[in-house]
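Participant: below are the sequence and a predicted model for it; my questions follow.
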Amino acid sequence: MISPQSNAVNGYLLNRAVLVLNANYTPMTVCTAKRAICMQVLEKIDVLAKYNEQVHSPSISIHLPSVIKVRDYIRHNNMAVEISRKNILIRDDHTCQYCGTRTGPFTVDHVLPKFRGGIDVWDNLVTACKPCNQKKGDCTPDDAKMTLIRQPKRPNRIHYFQRFVKDSQRDWRPYLFMEPLM
C-alpha cells in the first residue's frame with residue numbers, strides 16, 4: 001500500500017518541469033514529468049536527460065525525464081510565446097513595473113488604457129501592483145507621472161525557457177543556447 005506521504009512525494013516529482021524539444025532539437029515547450037512519462041510509455045519521445053529522482057509503480061521504476069525530444073517533427077511557430085497573465089508576470093519577473101515591488105497581489109496593466117485605444121499586446125501590457133494600478137487609473141504613465149522600470153516587449157521562446165533553468169535543470173542549458181553542446 002502507498003502511504004499518503006509517498007503519494008505527496010510522487011505528486012511533487014510528477015510536476016517537475018521537463019524541456020520538450022522538437023525532432024530537430026529546437027525547444028518547443030515545457031511540460032510536467034507526468035506528461036513526459038506518458039509520452040515515454042507510448043514511445044512518442046526519446047529521453048535525452050534525466051533527473052536523479054525516480055517514480056515507482058508496483059511493476060516498474062522510471063527515472064524522471066529532464067529533457068525529451070519528440071520522435072516526429074511537429075510544425076509550430078517556435079518563437080511565439082502565448083500572451084497570458086501568467087506569461088506577463090513571468091516576463092516581468094513578478095515585479096511591479098512602476099515601483100519595483102515584488103510583493104503581490106499583482107494585476108496586468110494596459111500602458112495605453114483600453115478606452116484610449118490600447119489593445120492586449122505584449123508591448124502594451126505590464127505587471128503592476130494594485131496600488132500602482134489604482135494610482136495610474138485610466139491615464140498613460142506620462143499623464144500619471146509614473147515611469148516604467150522596463151519598456152514592455154514581446155519575449156521570444158528561448159528567453160522564456162531560460163527562466164525555468166535552475167540548478168536541477170543543468171541539462172537544459174545547451175539546448176537553450178546557455179552553454180555549448182558537449
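Facilitator: Done, it's in.

Participant: outline the domain layout of this structure.
Facilitator: The chain breaks down by automatic domain parsing into domains covering 4-78+157-176, 85-136.

Participant: dump those to TSV, plus mean neighbour count.
Facilitator: C-beta: built from backbone N, CA, C; applies to glycine. Formatted as TSV, the domains of the chain follow (neighbours: other C-beta atoms under 10 Å):
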stretch	mean neighbour count
domain 4-78+157-176	15
domain 85-136	16
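
Participant: residue 143: which of these is closest?
Facilitator: domain 85-136 (8.5 Å; C-beta to C-beta).

Participant: how far does the closest one stretch from start to finish?
Facilitator: This stretch, domain 85-136, spans 19 Å end to end (C-alpha to C-alpha, to the nearest Å).

Participant: ditto for stretch 162-178
Facilitator: 8 Å.

Participant: contact partners of that stretch?
Facilitator: With C-beta atoms under 8 Å, 6 or more residues apart in numbering as the test, stretch 162-178 has contacts from 16-17, 19, 21, 25, 27, 30, 48-49, 51, 66-67, 90, 158, 161, 179-182.

Participant: let's have the domains of the chain in a markdown table, adding distance to residue 147 and mean pLDDT.
Facilitator: Below are the domains of the chain laid out as a markdown table (distance: least, C-beta to C-beta, whole Å; pLDDT from 0 to 100):
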| stretch | distance to residue 147 | mean pLDDT |
| --- | --- | --- |
| domain 4-78+157-176 | 23 | 86 |
| domain 85-136 | 8 | 95 |
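
Participant: go through the contacts of stretch 162-178 and flag which are in helices.
Facilitator: Among the contacts of stretch 162-178, the subset assigned to helices under DSSP state H consists of 90, 158, 161.
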